[in-house]
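>>> Below is the sequence, then the predicted model.
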Amino acid sequence: MASPSLTPWKNRFQRVLTPIQPFIDAVKLWLDADGLRMSAAMTFYGLLSLSPLVLLIVGLLGWWLDRSVVESNLLDQVRDVMGERGANVVEGAMASAQTPSEGTLASIVAFVLLLSGATGVFVELQNSLGKLWSYGSDVPPPPQKAWWKLATLRLRGLAYVMVVGFLLLVTMALSTAIKMFTQLAGTWLHMEPPGLLISAINECVSFAVIVVLFVGLMRIGTGTKPRTRYLVFGAVVGATLFTLSKQALAWYLSTAAVVSAYGAAGSLVVVLMWIYVTSAILLLAASCAKALDLAHPDAATHSATVLTAQTTPTAATPSQDARQSTQWPEI
């Protein structure tokens, strides 16, 4: 039994923990659902999908822009996130994936393998999110999917590849527009545009794009998803963690000797670490969305529960008039 003198401190500590309780529950859910193992599986599929995914994105953006411009901008984006080693891996993947195939049959087989490889990471992400959404509930696991449903999942993965390409195109267009606007403003004001302001605007644009991408990726999962506002909040948490982890991991890789210990495979280790961290952050953001959804049940569901309780017939009790009119026999 707690001492009476410690009770105010205990209540104060509970009040402090109340706002962050959903985040604590999210971390527990993420660990209990084996989020680290699912992140490792997504890393494996992401590495296998890297070359066809990059080639497919470059091919899609090549419809509107010059291919060399798309490749250089894509490598710049990867270099900003993963560093020079990660950019070298992506550049090598693009070069190896562009090897032409001879013959019609070989081209068809190569195209099918390209689509299958590029969408494999999205299928694994959908399975991981489906397990996370249904974790701890009494809903039975879904039955084994037929081949046409598996093909539908691949097509959905292809749609998300197109969404990723579109977001990359929007990011490139916004970055170019920001640079042009700052240059025009500097010319008009007869001053050099501040580099810190440009970097801050680019970071805000990148943050917004990451939030939109995280919301779209979290909607891949099957089963009962959290409400949209909680998905957006979870995406904001995930984008914040991704921005912080980008700086922290870049500092760690530049100071530690972990990468150099792997020799020629050091660049591949960098890519693996980035995919693993990003996958773990995405699943943690999904856990935050589900924890918030569980902590704040729907108002409509609450109203329906109250209405059901009000309309449920209760045991009949004698009223006051009935009790007064009861005739007791005289003794």
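Received, thanks. Numbering: from 1, shown residues only.
>>> Identify the spatial nearest neighbour of residue 50, chain neighbours not counted.
residue 93 (5.4 Å; Cβ to Cβ, 6 or more residues apart in numbering). For the C-beta atoms, the positions are set from N, CA and C on the backbone; glycine is no exception.
>>> how close does the one you found get to residue 121?
14 Å (Cβ to Cβ, to the nearest Å).
>>> try residue 133
Distance from residue 133 to residue 121, by Cβ to Cβ: 19 Å.
>>> How about residue 50?
Separation of residue 50 from residue 121 (Cβ to Cβ): 9 Å.
>>> Same check on residue 272?
Going from residue 272 to residue 121 by Cβ to Cβ gives 13 Å.
>>> Who has more neighbours out of the two?
residue 121 (25 against 17; other Cβ atoms under 10 Å).
>>> picking up where we left off before, please identify which helix or strand holds the residue nearest to residue 50.
Here residue 93 is covered by helix 84-97, with elements defined by DSSP states H and E.
>>> Poorly predicted segments of the stretch 201-331 of the chain, please.
256-260, 263-264, 298-331 (pLDDT under 70).
>>> Please, where are all the helices along it?
Per DSSP state H, counting those that start in this stretch, the stretch 201-331 of the chain carries helices over the ranges 228-255, 266-295, 299-311, 320-324.
>>> Among those, which comes closest to residue 127?
For residue 127, the closest of the helices of the stretch 201-331 of the chain is helix 266-295, at 11.8 Å, according to Cβ to Cβ.
>>> Now the closest one: buried residues?
In terms of neighbour count (16 or more other Cβ atoms under 10 Å), helix 266-295 has its buried residues at 267-293.
>>> Equivalent analysis for stretch 246-255, please.
Judged by neighbour count using 16+ other Cβ under 10 Å, the buried positions of stretch 246-255 are 246, 249-250, 253.
>>> Spatially nearest residue to residue 88, not counting backbone neighbours?
Using Cβ to Cβ, 6+ apart, the nearest residue to residue 88 is residue 267, at 5.4 Å.
>>> so how far is residue 240 from the one you found?
28 Å.
>>> Equivalent analysis for residue 131, please.
25 Å.
>>> One more: residue 42?
In terms of Cβ to Cβ, residue 42 sits 20 Å off from residue 240.
>>> So which of these two has more stuff around it?
residue 42 (25 against 15).
>>> where's the more buried one, which helix or strand?
Applying DSSP H and E, one finds residue 42 within helix 35-61.
>>> and that helix, which residues are buried?
Under 16+ other Cβ under 10 Å, the buried positions of helix 35-61 are 35, 38-39, 41-43, 45-58, 60-61.
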